[in-house]
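A.B. asks: sequence isn't available, so here's the structure alone:
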């Protein structure tokens, strides 16, 4: 079955960095676009970044442009999110998501908590 397991979250100070990972299994990872989402307390889940299946094309939400980098290693079936210059407003649970391909459904990981202290 499809599994997405995020890791790498934690507590970091303002201006610090973290790298999140999402280990994928149960499907052909290299075929699917993938995304990172986040959900802060009391807020709706929002898109952070998306990467195409071949890793060439990426898109970012305005609040993270220039600070976050999404990447993937199709040989390792792993999605990454490098987060630099972190701010308290980046505090959220971060989720990876497998996007649709044809009629295949989206899948979510269980999330990893990122907390940025001021």
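C.D. replies: On my side now, so go ahead. Everything numeric in this text was worked out from a predicted model, so none of it was measured. Numbers count the residues shown, from 1 in each chain.

A.B. asks: so residue 11 bridges to which residues?
C.D. replies: Beta-bridge pairing for residue 11 (DSSP bridges): residue 115.

A.B. asks: and the residue nearest to residue 18 when sequence neighbours are not counted, how many neighbours?
C.D. replies: Nearest non-adjacent residue to residue 18, counting by CB to CB, 6 or more residues apart in numbering: residue 83, 5.0 Å away. Backbone N, C-alpha and C define where each C-beta goes, glycine included. By other CB atoms under 10 Å, 25 other residues sit near residue 83.

A.B. asks: residue 109 contacts residue 96, correct?
C.D. replies: Yes. Between residue 109 and residue 96 there is a contact under CB atoms under 8 Å: 4.6 Å.

A.B. asks: those two - which one has more neighbours?
C.D. replies: With neighbours defined as other CB under 10 Å, residue 109 and residue 96 compare such that residue 96 has more, 28 against 22.
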